[in-house]
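*Asks:* Task: produce atomic coordinates for the following.
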Amino acid sequence: MVLDTATSILKLPPLSYEAKIQLTLPIRHGGFGLRSMVLTSPAAWWSALAQAFHFIFLMIPSLDVLGTDVPFVRSQSTCHAFFKKYKVPLNGPVPPDPNKFWSTYRNDPAPSGTQRTLMVPIYKAVYLHLKSRFKSPSPDFARIISVSEKSTGFPSFSLHQ
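*Replies:* Here you go, the predicted model:
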């Protein structure tokens, strides 16, 4: 929906798969910054649960009741699989075993910035996927490399005006 609205407002022609991916990447990866909710939702949900679980834990009799029949346990496991798919490091905010989530966040909430920490490798994986779709050398490959280089998002200025 966001992508369709942006396409309409910007009066863009029908977009290729690669163009749609690029629009959803952060600016630092050569994108337009229209974040994909499909990619962002698992990190947002995981982070919120990790920050709130120490309160939730106070309302449950023990960790033993957190079986796969509990909806938020299933969702947490689905997020863990998503992170593995996108090669999010399985340490730090994402323990190697999804069941370790509960003991990790039982007493201490996830630090602020957890969602951002999770999104860095996800967007890197999407960027690398996009880059792999272009042959080298080609104008498309050169464009995706050049717009994702450090400092390319800085405003340009001239000393001689």
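
*Asks:* most centrally placed residue in the chain?
*Replies:* Per CA atoms, centre = their mean, the C-alpha nearest to the average position across the chain is that of Met119, at 3.2 Å.

*Asks:* quick one: it and Thr40 touch, right?
*Replies:* Yes: using CB atoms under 8 Å, Met119 makes contact with Thr40 at a distance of 6.8 Å. Every C-beta, even on glycine, is put in place using the N, C-alpha and C of the backbone.

*Asks:* Now do the buried residues in the stretch of helix or strand the residue nearest to the centre of the chain belongs to.
*Replies:* Using DSSP states H and E, Met119 falls within helix 114-132. Applying a neighbour-count criterion of 16 or more other CB atoms under 10 Å, the buried positions in helix 114-132 are 114-115, 117-119, 122-124, 126-127, 130-131.

*Asks:* that older thread, once you drop chain neighbours, what's closest to the residue nearest to the centre of the chain?
*Replies:* Counting by CB to CB, 6 or more residues apart in numbering, Met119 lies nearest to Ala43, which is 5.2 Å off, once chain neighbours are set aside.

*Asks:* Thanks a lot, see you next time.
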